[in-house]
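Trainee: Below are the sequence and a predicted model; questions follow.
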There are 2 protein chains.
Amino acid sequence: MATELIRPILTVDVVLLTLHDDRIHVVLQAREKAPHAGELALVGGYVHPEEDQSTAAAAARVLRDKAGLAVRVLEQLMTFSGGDRDPRGWSASVAYYALLPHEEIAERGDASLRMLPFAQVKGLPFDHDAIVAGAMQRCRRRAAYSSLPAFLLSPAFTLPELRRAYEAALGRSLNDSAFRRKIDELRMVEPVSGSVSKATARPAQLFRLSKSGVVEFDRTV
Amino acid sequence: MATELIRPILTVDVVLLTLHDDRIHVVLQAREKAPHAGELALVGGYVHPEEDQSTAAAAARVLRDKAGLAVRVLEQLMTFSGGDRDPRGWSASVAYYALLPHEEIAERGDASLRMLPFAQVKGLPFDHDAIVAGAMQRCRRRAAYSSLPAFLLSPAFTLPELRRAYEAALGRSLNDSAFRRKIDELRMVEPVSGSVSKATARPAQLFRLSKSGVVEFDRTV
């Protein structure tokens, strides 16, 4: 095939978003190898055709093998490509974003992982700044009409926690009573029977996403 | 690099949408080569790292070289991948969608190009049915909050034409006065001074998208 002498490099990169101190944070990992060894970057890697069923499967494998993480939501963002983005050659990276509760990263205790508030994520290697900006924009849009922000929390959460997750994802504050009415209307959550949060001085009822409350995304694993 | 012995195939595919008889049509092309030689499929091809600056540039090149078309809007949809979608091997195809006026295809007179109403597009080779369905879904969503449907028309159009383009893209009819009020509010169009359409018995003022009316997309060429 004369027109296909050089095949581009195909990678995946995952923008891992979490909630900490009521702000969206991006989880980065120190790179093991050149280029940019030691620098913080998105968790990512080559697609392995011999083991990955798809680029989504590659992203899930990379998260598992490199960061020891399993996520409940993994959505494709878009593909970034070109001859200048990676010194190893012409490359295309299929970018994903994932949301996960802060506890899951803290529990890992992986020294290679670092969380930075979104506003402080700048100067990453490759075109990772642009990928992070795209993920944050997408997350904001989705938050306006889906249950996406709930995935920043543990599966059982209080309503004030859910509201703060929405506020962080949307980047603006919400009226509490309007928020509760909306959640009610959408039948987004259901009480976890007999469970109350011990995190607050006053016991608060715990909720989980109801089946009808999980608004569908393009790609979920 | 031991983990990177086989590089996947990287292609682009473009879902070309146009308006004909007040319905969205998909422009397909008879494939020149195997696999599926002679069958109608999306316009697409390999990414050429030696000449393409990005996958978007590859999509524009493929449209130009294979179909003789230049489009005003070309947006990335998503990447489809896996070991089963193409008999030539593990592949990733970065899918795009583009909108263009029916006249531009008719003027080409290219016998390899065929237009089919969206509802009749079924049984395409590879996973092109899924790509077309994704493009149509995206087009519908974007039509609800952007000037996207105007790109189905020639640069100068009448307001009834614009309304029919919106209706076809949205898949539902619109109230005429509400439509005109909305277009007015958004300052989406401006009159083309002195121009009237000759297509109708009663002369109708022609309009074009105003600069402020072109709502931004993720990627536009």
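Mentor: The structure has been received and is ready for your questions. Note that the structure is a prediction, hence the values are computed from the model and not measured.
Trainee: Who are the contact partners of A:Glu167?
Mentor: Applying CB atoms under 8 Å, 6 or more residues apart in numbering or on different chains to A:Glu167 gives the contacts A:Asp22, A:Ser173, A:Leu174. In this view, the C-beta of every residue, glycine as well, is placed from N, C-alpha and C.
Trainee: residues touching the last one, list them.
Mentor: Contacts here follow CB under 8 Å, 6+ apart; on that basis A:Leu174 touches A:Arg163, A:Tyr166, A:Glu167.
Trainee: Apply 10 Å and report the result again.
Mentor: Shown in contact with A:Leu174 (CB atoms under 10 Å, 6 or more residues apart in numbering or on different chains): A:Arg163, A:Arg164, A:Tyr166, A:Glu167, A:Arg180, A:Lys182.
Trainee: Longest strand in chain A, please.
Mentor: Ranked by residue count under DSSP state E, the longest strand found in chain A is strand A:9-20.
Trainee: Listing partners with orientation, what would you give for it?
Mentor: Listed by DSSP bridges, the sheet partners of strand A:9-20 and their directions read strand A:23-30 (antiparallel), strand A:43-46 (antiparallel), strand A:91-99 (parallel).
Trainee: most packed of those?
Mentor: strand A:91-99 (a mean of 27; mean count of other CB atoms under 10 Å in any protein chain shown).
Trainee: sorry, back to before: quick one: which of the contacts of A:Glu167 is nearest to chain B?
Mentor: Nearest to chain B out of the contacts of A:Glu167 is A:Leu174 (CB to the nearest CB; 21.2 Å).
Trainee: for chain A, what spans make up the helices?
Mentor: A:55-67, A:102-108, A:128-143, A:159-170, A:176-185 (DSSP state H).
Trainee: Could you point out which of those helices sits nearest B:Lys211?
Mentor: For the helices of chain A, distance to B:Lys211 was read as CB to CB. The smallest value, 22.6 Å, belongs to helix A:128-143.
Trainee: just the angle between that closest one and helix A:159-170, please?
Mentor: Relative orientation of helix A:128-143 with respect to helix A:159-170: 130 degrees, computed using axes from the mean of the first three to the mean of the last three CA atoms, to 10 degrees.
Trainee: ok, back up a step: let's see if you can find the most crowded of the contacts of A:Leu174.
Mentor: Using other CB atoms under 10 Å in any protein chain shown as the contact criterion, the top neighbour count among the contacts of A:Leu174 goes to A:Tyr166, which has 22 neighbours.
Trainee: what's the burial count for the closest residue to that one other than its chain neighbours?
Mentor: Of all residues not flanking A:Tyr166 in the chain, A:Pro149 sits nearest, at 4.7 Å (CB to CB, 6 or more residues apart in numbering or on different chains). Neighbours of A:Pro149 under the rule other CB under 10 Å: 23.
Trainee: got the contact list for A:Pro149?
Mentor: For A:Pro149, the set of contacting residues under the criterion of CB under 10 Å, 6+ apart consists of A:17, A:19, A:24, A:99, A:139, A:142-143, A:162-170.
Trainee: Tell me the confidence at it?
Mentor: With respect to pLDDT, A:Pro149 has a value of 94.
Trainee: ok, now A:Val214?
Mentor: The per-residue pLDDT reported for A:Val214 equals 62.
Trainee: quick one: A:Pro191 from chain B, how far?
Mentor: 33 Å (CB to the nearest CB, to the nearest Å).
Trainee: Domain map for chain A?
Mentor: Under the assignment automatic domain parsing, the domains of chain A span A:7-143, A:148-213.
Trainee: and the ones you listed, which is most packed in?
Mentor: Per-stretch averages of neighbours, counted by mean count of other CB under 10 Å, single out domain A:7-143 among the domains of chain A, with a mean of 19.
Trainee: shaky segments in chain A?
Mentor: Per-residue confidence for chain A (pLDDT under 70) gives these ranges: A:1-5, A:200, A:212-221.
Trainee: Can you name the residues bridging to A:Leu40?
Mentor: A:Ala30.
Trainee: Distance check, the nearest residue to A:Ala70 once chain neighbours are set aside against B:Pro49.
Mentor: Closest residue in space to A:Ala70, ignoring its immediate chain neighbours: A:Arg64 at 6.3 Å, by CB to CB, 6+ apart. In this structure, A:Arg64 and B:Pro49 are separated by 30 Å, where distance is defined by CB to CB, to the nearest Å.
Trainee: Mind putting the contacts of A:Glu167 into JSON lines with distance to B:Val12?
Mentor: Shown next, in JSON lines, are these (distance: CB to CB, whole Å):
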{"residue": "A:Asp22", "distance to B:Val12": "41"}
{"residue": "A:Ser173", "distance to B:Val12": "42"}
{"residue": "A:Leu174", "distance to B:Val12": "41"}
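Trainee: Which members of those residues occur in strands, if any?
Mentor: Per DSSP E, the contacts of A:Glu167 never map to strands.
Trainee: For the residue nearest the centre of chain A, list each beta-bridge partner.
Mentor: The central residue of chain A, meaning the one whose C-alpha is nearest the mean C-alpha position (CA atoms, centre = their mean), is A:Ala98 at 2.3 Å. Applying DSSP bridges to A:Ala98 yields these beta-bridge partners: A:Leu16, A:Leu74.
Trainee: Sweet, I'm off.
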